[in-house]
Structure formats: C-alpha cells, structure tokens
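Trainee: Show me the folded form of this:
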Amino acid sequence: MKRRHATLSDIAKALNVSASTVSRALHDSPLIRKETKDSVIAMAKALNYQPNQQAIGLLNKKTKIIGVIVPEITGYFFATAINGLQDFVENTGYKLIIGQSNESFDQEAKLMETLSLARVDGLIISPTSETTSNIHLEKFRESGIPVVVFDRDCPNFLSDKVFVDDYEGAFQAVDYLIKTGCRKIAHLGGPANLTTCRCRKRGYLDALTQNGITPDPQLILEVPGFTPDCGEEIIRDLLDREAIPDAIFAVNDAVAIGTMPVILEKGLRIPQDISLIGFDDEPYSQYFMPSLTTVWQPVYELGLLSGRILMNHILHSPEEYDYRYELLKPELIVRQSSKPLV
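Mentor: Residues are numbered from 1 along each chain as shown. Modelled structure (predicted):
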C-alpha cells in the first residue's frame, strides 16, 4: 500500500475546521485564537504532518534547492568538494540534489533537464570528459538560473568559475624534479579534451623549456582514464622502449600508483632510478612504500567557495552581478617517491 503523507485537509477534518484556518494557525496568524493554534499544532504533530517545502518554495518563487552535477561521487576529490559545499549550505536553509554523470554527456544533459524541472535555484557543475557543447548550460542561464562551473572548465560559457591552478601545480612538480637532477621526465597525461589535463601538460612543458630541456614527444603519453589500471598499462609500454625515463609526472595519484609495481617488477628502484610524482594528494598516497610525492589541491575549499559564490549570485539580480573567476593555489608535497634536493 502506497504511503500517504498527512495534509492540511487531514488536520482540518480531524479538528472540524477549515484548511485555511489550519494554514493560518501553522503560520502563527494573529487572526487565529491561541487555543485553536495549540490544537492545530498538537494535531499536526500527532499526524506527523510535514509541510511540502517545494510547493512553498514555488509560491515564493524559490525552492531553496541547489543542483550539483559531478562526473563521479565515490572518489576522494569530488566527495571532498561536495563535503565543502554541504558544510557551506547547511546554515543557509538550502538543500542539495546531487547527480553523477559517470563521464557521460548524455547523462549530464538528462540530469540538467531533471534539475530544471525541479526548478532548482542554482547549479554547480563539473562537466564530463565528453562535454564539448555548452547548449544545455546556456538554457539554464537563459532561464535565469545561475551556474557555477568548478574544477573543469566549459570554455566560451560565461558564468562564475572556480578552479585549482593546475598549470602552477604541474610546473612546481616538474621544476622540482629538474632541480633534483632529473632530465628525462615522462608525462602520463589525461584525456586532452579536459582543461585540467591540458593545463597540467602545459605546466609540464613550460617547466622543461624554462629549464633548458627540450621536451621529448616519446616521453609524453596520454592515459585513457584516471585509475591505477591506466597507469599500469601505459608504463609497461613506456618501459619497454629503449629510452627509459629518470622521472615520471602523472596526471593524478591513482595513475602514478599504478606504475609502481611495474617499475619494481622491471628491477628499477623508486626514486633512485625513477622519481615519481602524482597529483591530488589522495589520503592513501602517503601510505604506499615509498610514499608518493604529489601536488595537493584545496578540494574542500573548492566546494566551499563554489557554494558561497553561487549563493551570492542567487541573492543578487543579474543587473547587479559580475561573474567571478577564482583560481585556488596548489602545493607540492614532497615524500619518498622523488629524490631530495641536492
């Protein structure tokens, strides 16, 4: 049997009063006697009455709901960003509806349609690796719903944007490897259509050239994903070549960690033969042997700031509002997988 929630009419029927009287009593109207208010409140508790917040929101032209779309929610990065966002909205009276696109543009578009029908007051989104069109985002903006793009960019889409400086993080990592004496530095980069991956590759290339090292195309490889399996597969191919690198800068920690058993299997040592640096500072990266040198990202702050900026936009009319572009600073965390500075 389908469960039915108690309504204003149920309370009214139980007390033999009108539904409008119940509504006024629950809203503490001065037109309703205290005895009636007390009876209505007691009956509402007895029937476990819960007001329909979405319906109330629609009457006020605000649902107090924020939509969030991310590629995945099980990994550390997006889970931590959502945690920061949740902590921010907790005291604002707003709720989150979180959708996982699974790196599928079609799924992302469907989620946005669902959120539009739910009449969310705003959207925070990190686009998929397949997202090359901004049409679905433009529809949101045209309907007056503010959008914050975070972590991954949607070029040519005008909105508030919050990112980590991937270029700076990559530059720091590769510059450090060079300062420890490494010269043949490989880059295991992510899908080229993602802005984060392109920025990390550009930081890698600039660190080499600014230190007088000509990039070797044979040492620049693109991994299809961000899992340890991707790192394991691509490092086998790289180490089977004649020119073995003396360092590896990977697009993320998982790919870097996936290379470790293969490097050791080939009789090579970390970091004596090959230094290794990842990106993200996943919590588990410090517990490997050797512990992983990596680039820390302020992920919690990324979610927190995205929420703050979106709320600021919700509270201001478009005429009063200037879009913000925020770039948070990463930090190199040196551990045992890279050589120390000489």
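Trainee: Buried residues in stretch 90-108, which are they?
Mentor: 94, 96-101, 103-105, 107-108 (16 or more other C-beta atoms under 10 Å). In this view, the C-beta of every residue, glycine as well, is placed from N, C-alpha and C.
Trainee: Out of the residues you listed, flag the one nearest to Gly144.
Mentor: Nearest to Gly144 out of the buried residues of stretch 90-108 is Tyr94 (C-beta to C-beta; 17.0 Å).
Trainee: shaky segments in the stretch 51-200 of the chain?
Mentor: Along the stretch 51-200 of the chain, the model assigns pLDDT under 70 to residues 51-61.
Trainee: got the residue ranges for the helices in it?
Mentor: 53-59, 76-89, 105-117, 135-142, 166-179, 195-210 (DSSP state H, counting those that start in this stretch).
Trainee: Quick check: which of those is buried the most?
Mentor: When the helices of the stretch 51-200 of the chain are scored by mean count of other C-beta atoms under 10 Å, the highest mean neighbour count falls to helix 166-179 (a mean of 22).
Trainee: Could you list every helix and strand in contact with the one helix or strand Met260 maps to?
Mentor: Take DSSP states H and E as the rule and Met260 turns out to sit in helix 253-265. Under the contact definition 3 or more C-beta pairs under 8 Å, 6 or more residues apart in numbering; DSSP states H and E, helix 253-265 sits against strand 185-189, helix 228-239, strand 247-250, strand 275-277.
Trainee: These: lowest mean pLDDT?
Mentor: Here the lowest mean pLDDT among the helices and strands packed on helix 253-265 goes to helix 228-239, at a mean of 92.
Trainee: Just the residues contacting the helix holding Met260, thanks.
Mentor: If you take C-beta atoms under 8 Å, 6 or more residues apart in numbering as the criterion, helix 253-265 is touched by 188, 190, 223, 226-236, 239, 248, 250, 270, 273-274, 276-282, 284-285, 288, 292, 294, 337.
Trainee: re earlier: is it possible to get the buried residues of stretch 90-108 out as JSON lines so that each row also shows distance to Asp166?
Mentor: Output for the buried residues of stretch 90-108, formatted as JSON lines (distance: C-beta to C-beta, whole Å):
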{"residue": "Tyr94", "distance to Asp166": "29"}
{"residue": "Leu96", "distance to Asp166": "26"}
{"residue": "Ile97", "distance to Asp166": "28"}
{"residue": "Ile98", "distance to Asp166": "24"}
{"residue": "Gly99", "distance to Asp166": "24"}
{"residue": "Gln100", "distance to Asp166": "22"}
{"residue": "Ser101", "distance to Asp166": "20"}
{"residue": "Glu103", "distance to Asp166": "18"}
{"residue": "Ser104", "distance to Asp166": "23"}
{"residue": "Phe105", "distance to Asp166": "22"}
{"residue": "Gln107", "distance to Asp166": "25"}
{"residue": "Glu108", "distance to Asp166": "21"}
